[in-house]
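In: Sequence and predicted structure are below.
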Amino acid sequence: MVETSSINTTCVYQTCYQVDFPCVIVHGGAWNIPQNRTQHTLQAVQTAAKRGLEKLLDKSQGNAAIEAVECAVRCLEDDGLFNAGFGSCLCANGSVEMDALIMDGSHLRCGSVACVSRVRNPISLAKRVMEETPHCLVVGQGAEELAEELNIPMVESSLELVSEVARKEWESMDNNYPGAVDTLFLQNISHETVGAVAVDSLGNIACATSTGGITGKRKGRVGDSPLIGCGGYSDSRWGGVSVTGHGESIMKVTLSRRIIFGLESGEEPIVAVENSLKEMYERVGGKGGAILLTRQGKAVIGFTTSRMAWALASRRVTQSGIDGD
Ligand SMILES: NC(=O)C[C@H](N)C(=O)O
């Protein structure tokens, strides 16, 4: 079912399913995904959702929801097509700086990292921050030192994480961040940040988000993705969310927390996503997308860009999509 609505020239494309548990939903960024990337993008999100479901069905996993979202996001970080892990977009100075967040909604435990340049899978470092430190967010050099201590796979130089596509986009943006934001987000385009939300058979709800940010960003700029309540939020009493879009706008409206707050206030899941994305556009002019999985088994996919790649997998329901209309 696809529902659309239009307010103040922005359209919220929405899809909603009733799902069985365990279930995982994955996104691969909200933007004007070119036709020649459609097939690869769809296949990649489908595979990531399938891998996540395998973790959810594997009885040996402890907190299966956390393992599932890490696994799904790692698949996309490794793919090379997405703006996360290998393939991340470039900062103004031509380097790569990545942000990631993971959250366990059962105990509101969270781990995130920002401005890491040499970690192959930032989502796995974020998970270790959550599990093995008393902190929620570790950044830059300190985060890389932690990765070394924990024997997390690293590259010698961030240049090893640069794909040809990311380099070409950086060259075409000509070191112009406002131009990149206008082009990539405000003109109905965003970029392939990745994320996942999972509910395991015990009712634990987890979320994860990983990104290289926005092409041409200043070195040291942190986006929404690693910030609790912005790039993702999970509370097993209500649901889990992962979002993508213009980071500065998402931060201003704390988009993920806003969606969960909508549920707490009695909004239907589809309305919580719709109202939150509309508010972000109307108040601060930002576009983007969100995936939501609720405790009641509602999966909602919503976006204000023209396309967003997503896939969901449970024992009974397997769905994916990319088009807004
Ligand atoms: N494409 C994205 O989602 C970018 C990310 N939200 C950021 O601003 O860093």
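Out: Received, thanks.
In: So stretch 91-98, near the ligand or not?
Out: No - applying C-beta under 6 Å from any ligand atom, one finds stretch 91-98 separated from the ligand by no less than 9.5 Å. C-beta coordinates here come from the backbone N, C-alpha and C atoms, glycine included.
In: End to end on that stretch, go ahead and measure it.
Out: 10 Å (C-alpha to C-alpha, to the nearest Å).
In: Mind listing what's buried along it?
Out: Within stretch 91-98, the residues scored as buried using 16 or more other C-beta atoms under 10 Å are C91, A92, S95, V96, E97, M98.
In: which SS class is the spatially closest residue to the first one that is not a sequence neighbour?
Out: Looking back up the chat, that one is C91. Here the nearest residue to C91 in space, its sequence neighbours aside, is K219; by C-beta to C-beta, 6 or more residues apart in numbering that works out to 5.0 Å. Applying DSSP: H, G, I helix; E, B strand; the rest coil to K219 yields a three-state assignment of coil.
In: low pLDDT regions in the stretch 151-300 of the chain?
Out: Residue ranges of the stretch 151-300 of the chain with pLDDT under 70: 174-190.
In: Which stretches in it count as strands?
Out: 194-199, 205-211, 232-235, 239-245, 288-294, 298-303 (DSSP state E, counting those that start in this stretch).
In: which of the ones you listed sits most buried?
Out: strand 194-199 (a mean of 34; mean count of other C-beta atoms under 10 Å).
In: Which residues are in contact with the most centrally placed residue in the chain?
Out: Residue closest to the average C-alpha location in the chain (C-alpha atoms, centre = their mean): G195, at 2.9 Å. Contacts of G195 were listed using C-beta atoms under 8 Å, 6 or more residues apart in numbering, and they are 26-27, 73, 207-210, 231-232, 242-244, 291.
In: same check, this time on V273
Out: V12, Q14, I259, G262, A290, L292, V300, G302 are the contacts of V273 under C-beta under 8 Å, 6+ apart.
In: Quick check: the fourth one vs V12, distance?
Out: Right, the one you point to is G262. According to C-beta to C-beta, to the nearest Å, G262 stands 13 Å off from V12.
In: Can you pull the residues of this structure lying near the ligand?
Out: Looking at the ligand, the residues of the chain close enough under C-beta under 6 Å from any ligand atom are 29, 83, 190-191, 193, 211, 213-214, 223-225, 244-247, 250.
In: Let's see if you can find the most crowded of those.
Out: Among the residues of the chain next to the ligand, the one with the most neighbours (other C-beta atoms under 10 Å) is T193, at 35 neighbours.
In: Y17 versus G62, what's the distance?
Out: Distance of G62 to Y17, computed by C-beta to C-beta: 27 Å.
In: Could you do S210 as well?
Out: 24 Å.
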